[in-house]
Every structure is written in structure tokens, then in C-alpha cells.
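1. turn this into a model:
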Amino acid sequence: MKINRKSKGFTIIEVVLVLAIAGLIFMMVFIAVPAMSRSANDLQRKKDLTRLNQALTSYQSNNNGKLPSTVADWNGFVTGYVRTAGDTFVDPSGTDYIVSTTATLPTTFVAANPVIKVTTPGACNGEDVVTTGQSVRKVAFQMKLEGSGTACMNN
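-> Have a look, this model is predicted:
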């Protein structure tokens, strides 16, 4: 007598294989999403530096080429030229930027304290700022990025 068994269902190897593939896909997603988020935030920070630089150009054209000279002047510049018409000037983390000539740039990114360091006179040399031999009307803005490195922009 011949017994004919027709099984309905998956073997244990097929189930394990599908679970392994699903696990790999989930692992790739959980690794990629935070990296993409950091990259998008850093792109916004670089755009904010560009916005700050454009506001400084406007400030200089309205003030005979002069730069803000004191901490109060820089705060007034941010209020009057960067945050115009109800605009905000905040880090993608939601914290106000600290634009300062006296602040020290942190060694790592700190979302609770997003510092934009102003060096005058200064010019960017890659991620660093050089101050020698520059015009007193030149400014370099530096900001620590979340992903890695430092963004630097000068006028």
C-alpha cells in the first residue's frame, strides 16, 4: 500500500530564509534612515549659513560696508536682518542659533547649543578659518555639523 502525503505549508528552511531576508531589510532601513536625517539637517544648516551671509551683505550695503562690532550689534544684526518679517532662524533641531564672535566652536555637534562662530577679519580655508592678512570687512562663519566636520562660509 502506497501512502501519498501532500503537505500544505512551508518547510522550516523556507520560513527561516524569509525571516533572515526580512531581518536584513529592516537592519538596512534602521541604519540608513538616521544617516539620511543627519544629512538633511546638515544641508539645512549650510543653507542657514548662506542665509546669514546674504543678510550680512545686506547689512554692509546699508551701513557703508561696516560690520557689526559688538555682541549687541551682532544680536541686532540677527534680529534686524536675518529674522525679518517674522522669520525664524533656528537649527533643524528647533533651537535658536547662537551667533557669536566670542563663542568657542564645540568639538562635536550639540543640538541644544547650535553655535555659529563669527571670525572677523577671517576667511575660510577648508573647514578652518585663517585671520592673517584679511580685510577688516571680511567675515567667516563656522558651524559644527551633526554628521561630521565643520561648515565654513565667508563673504
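2. show me the strands in this protein, by range?
-> Ranges of strands in the chain, per DSSP state E, are 98-100, 115-119, 123-125, 128-130, 140-144, 150-154.
3. can you pull up the most central residue in this structure?
-> Residue closest to the average C-alpha location in the chain (Cα atoms, centre = their mean): D42, at 2.6 Å.
4. that one and V130, how far apart?
-> According to Cβ to Cβ, to the nearest Å, D42 and V130 sit 23 Å apart. Quick note: C-beta positions are derived from backbone N, CA and C, even for glycine.
5. rewinding a little: in a markdown table, list the strands of the chain along with distance to P34, mean neighbour count and mean pLDDT.
-> A markdown table is the format used below for these (distance: least, Cβ to Cβ, whole Å; neighbours: other Cβ atoms under 10 Å; pLDDT from 0 to 100):
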| stretch | distance to P34 | mean neighbour count | mean pLDDT |
| --- | --- | --- | --- |
| strand 98-100 | 25 | 17 | 86 |
| strand 115-119 | 23 | 21 | 89 |
| strand 123-125 | 28 | 16 | 88 |
| strand 128-130 | 28 | 17 | 86 |
| strand 140-144 | 18 | 23 | 91 |
| strand 150-154 | 20 | 19 | 91 |
